[in-house]
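A predicted structure for the sequence below; I have some questions about it.
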Amino acid sequence: PQGKKRHHELLNRFAEFQGGNLPQEWLDALHAPAGLDTGSESPEEIAFSILAEAAAVLAGRQGGFLRAKTTAIHRMEMEASA
């Protein structure tokens, strides 16, 4: 798709500016637009949704509603019950 091609071009330009190229696997793992669908409009709200998505990815989670979970919410709860 055109959007993905443009996204890769921008990332490569950024990498060149930083003095090197980004590995292809990094490019394949990145996507746009970034952020959770929170209805964000302002720059602050958009930044928050991007940080929330990053936190979910780092934790290996989807970033959904906690009330929808049928398993433990926190890892410590899961470890304590094991």
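Okay, I see it.

Low-confidence bits of this protein, can you list those?
For the chain, applying pLDDT under 70 flags the ranges 1-3, 76-82.

Now do the helices in it.
Along the chain, counting by DSSP state H, helices occupy 2-17, 24-29, 43-58, 75-81.

ok, and for the first one, which residues are buried?
To tie it back to what came earlier, the one meant is helix 2-17. Neighbour-count burial for helix 2-17, with 16 or more other Cβ atoms under 10 Å as criterion, is recorded at 7, 11. C-beta coordinates here come from the backbone N, C-alpha and C atoms, glycine included.

which residues are contacting that helix?
The contact list for helix 2-17, computed with Cβ atoms under 8 Å, 6 or more residues apart in numbering, reads 21-22, 27, 30-32.

Mind splitting the chain into its structural domains?
Following automatic domain parsing, one finds the domains of the chain at 1-32, 35-82.

Roughly how far does A55 sit from F48?
Using Cβ to Cβ, to the nearest Å, A55 is found at 10 Å from F48.

neighbour-wise, which of the two wins?
Per other Cβ atoms under 10 Å, whichever of A55 and F48 has more neighbours is F48, with 15 against 12.
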